[in-house]
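**Q** sequence unavailable; structure follows:
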């Protein structure tokens, strides 16, 4: 059985695909700099694969470096409720003095 695609946009695309198109991110450079294969990035972008936490972190950190400004994981991926809770708690911890 094929799993349901992680579609989050009305047009059927993923947040990762939307981000990459809007910011003009080249797949080859993004994959190389984040340490994942280009074919895997394309599967993630199309919603044909689920990213591991390691991959989500790597892509978010790479996007931040490439843009030279903060990119948040929720801009690239739809998180499960438990992952989103942990992620938001970590962001709040970073903001605390």
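**A** Sure thing, it's come through. What you see is a predicted model, and the numbers here were worked out from it, not measured in a lab. Numbers count the residues shown, from 1 in each chain.
**Q** so which bits of the one helix or strand residue 30 maps to are buried?
**A** Element membership of residue 30, judged by DSSP states H and E, is helix 27-34. Neighbour counts over helix 27-34 (16 or more other Cβ atoms under 10 Å) mark 30-31, 33-34 as buried. All C-beta spots, glycine's among them, are computed from the backbone N, C-alpha and C.
**Q** now that helix: how far from the chain's centre is it?
**A** 13 Å (Cα atoms, centre = their mean, to the nearest Å).
**Q** mind giving me the packing neighbours of it?
**A** Counting contacts by 3 or more Cβ pairs under 8 Å, 6 or more residues apart in numbering; DSSP states H and E, helix 27-34 packs against helix 38-46, helix 53-67.
**Q** okay, now the unreliable bits of this protein?
**A** Applying pLDDT under 70 to the chain picks out residues 1-8, 97.
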